[in-house]
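>>> What follows is a predicted structure for the sequence shown.
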Amino acid sequence: MALRLFNWIMAAVMLSPILLIIWMSFTPGAMFRIPLEAFSLRWYREVFAYPGFVNAFFLSLRLAAAAAGAAVALSFVAAYALARTRLRGRAALDALFTAPLIVPAVVFGIAMLQFSNRLGLYNTFFALVVAHVAIVTPYAMRSIAAALRAVPIEMEWAAMNLGARRGTVLLRIVLPLCARGMVAAFLLCFLMSFSEVTVTIFMTGPGYQTLPVRIYNYLTDQVDPTVAALSAMLIGLSLLLALIVAGLGGFKEISK
């Protein structure tokens, strides 16, 4: 009973700031106040009227989709090689793919900044995609590796004994059976990339500002409920994607 009460209290503490932001986004005034009588969609209209937020949103969509797609494709190849072949140093390779999880984001951001500067790629979309792929790949690896473990290797042996080539086995047997895990990995990577801000700040200049970075810069100049309205919409989008990933079992596979 005490543990259940503690869990409810912790959930309330974690959710109360989110609910407060959503509530304040409906204020008709120009200050952050909790509306008690009058409610307005004024600040939601302001979000769509501000070109910086709209352009940054579409940039974040393209970046998250590109990073998630590349991470899932690379992670499938790497996870399949680790699961189905006897490579030397498998443990070292597995640790390498999950290394971004233990490297502080600020350290990784500075390293990527120096790396992209040396290659002349600073403030380019390609450099942003590379950085985000490195960030989200560990999540894709865990999800896809769990999906591959659920595919019996005997099915692949049987197909190859019947004359199927390795590529045909991958396309017609392994990929369909892993599709659920790969979709979950893509959505999770998309969500992580879309909301990433620490590393992105080091990688962007005026030309490429994702939505989280644009929000940060907006708050340095002015403070109004427009940010609350935008945050409420992003919370809704994140909740929707999280529910889809949970429905596909993505969080369970990552925690294994």
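That came in fine, so what should we check first? All values reported here derive from a predicted model rather than from experimental measurement.

>>> Once you drop chain neighbours, what's closest to L101?
Closest residue to L101 apart from its sequence neighbours, by Cβ to Cβ, 6 or more residues apart in numbering: P138 at 4.9 Å. (Glycine included, C-beta is placed from N, CA and C.)

>>> which residues touch the one you found?
By Cβ atoms under 8 Å, 6 or more residues apart in numbering, the residues touching P138 are F97, T98, A99, P100, L101.

>>> In which helix or strand does the spatially most central residue of the chain reside?
Centroid-nearest residue in the chain: M192, 1.7 Å away (criterion: Cα atoms, centre = their mean). Applying DSSP states H and E as the criterion places M192 in helix 175-195.

>>> likewise P28?
Using DSSP H and E, P28 is not contained in any helix or strand.

>>> With adjacent residues omitted, what lies nearest to it?
Nearest non-adjacent residue to P28, counting by Cβ to Cβ, 6+ apart: S40, 3.7 Å away.

>>> now swap in Q209 and tell me
A56 (5.6 Å).

>>> In three-state terms, how would the one you found be classified?
Under the three-state scheme (DSSP: H, G, I helix; E, B strand; the rest coil), A56 adopts helix.

>>> What distance do you get for it to R45?
To R45, A56 is 17 Å away according to Cβ to Cβ, to the nearest Å.

>>> quick one, which of those two is more surrounded?
Ranked by neighbour count (other Cβ atoms under 10 Å), A56 and R45 place A56 first, with 21 against 12.

>>> Looks like L241 contacts F186 (just checking).
No. With contacts counted by Cβ atoms under 8 Å, L241 stays clear of F186, the gap being 10.2 Å.

>>> residues making contact with the helix holding M192?
For helix 175-195, the surrounding residues in contact (Cβ under 8 Å, 6+ apart) are 60-61, 63-65, 67-69, 71-72, 75-76, 132, 135-137, 139-140, 143-144, 146-148, 150-151, 211-212, 234, 238, 241-242, 244-245, 248-251, 253-254.

>>> same thing but at 7 Å, please
Contacting residues not belonging to helix 175-195 are listed as 60, 63-65, 67-69, 71-72, 75-76, 132, 135-136, 139-140, 143-144, 146-148, 151, 212, 238, 241-242, 244-245, 248-250, 253 [Cβ atoms under 7 Å, 6 or more residues apart in numbering].

>>> Which ones among the residues you listed map onto strands?
Per DSSP state E, strands hold no members of these.

>>> among the residues you listed, which ones are buried?
If you count burial by 16 or more other Cβ atoms under 10 Å, the buried members of the contacts of helix 175-195 come out as 60, 63-65, 67-68, 71-72, 75-76, 132, 135-136, 139-140, 143-144, 146-148, 151, 212, 245, 248, 250, 253.

>>> which ones among those residues are found in helices?
Among the buried ones among the contacts of helix 175-195, the ones falling in helices (DSSP state H) are 60, 63-65, 67-68, 71-72, 75-76, 132, 135-136, 139-140, 143-144, 146-148, 212, 245, 250, 253.

>>> got the contact list for Y139?
Y139 neighbours (Cβ under 7 Å, 6+ apart): A185, L188, C189, M192, I254.

>>> give me the number of residues near the second one?
This means L188. So L188, with other Cβ under 10 Å, has 28 neighbours.

>>> Please report the distance of it from A179.
L188 is 15 Å from A179, by Cβ to Cβ.

>>> Ok, the third one next?
Taking Cβ to Cβ as the measure, C189 falls 15 Å from A179.

>>> ok, now the fourth one?
In this view, M192 and A179 are 20 Å apart by Cβ to Cβ.

>>> Out of the contacts of Y139, which comes closest to I22?
Distance to I22 across the contacts of Y139 (Cβ to Cβ) is lowest for M192, with 22.1 Å.
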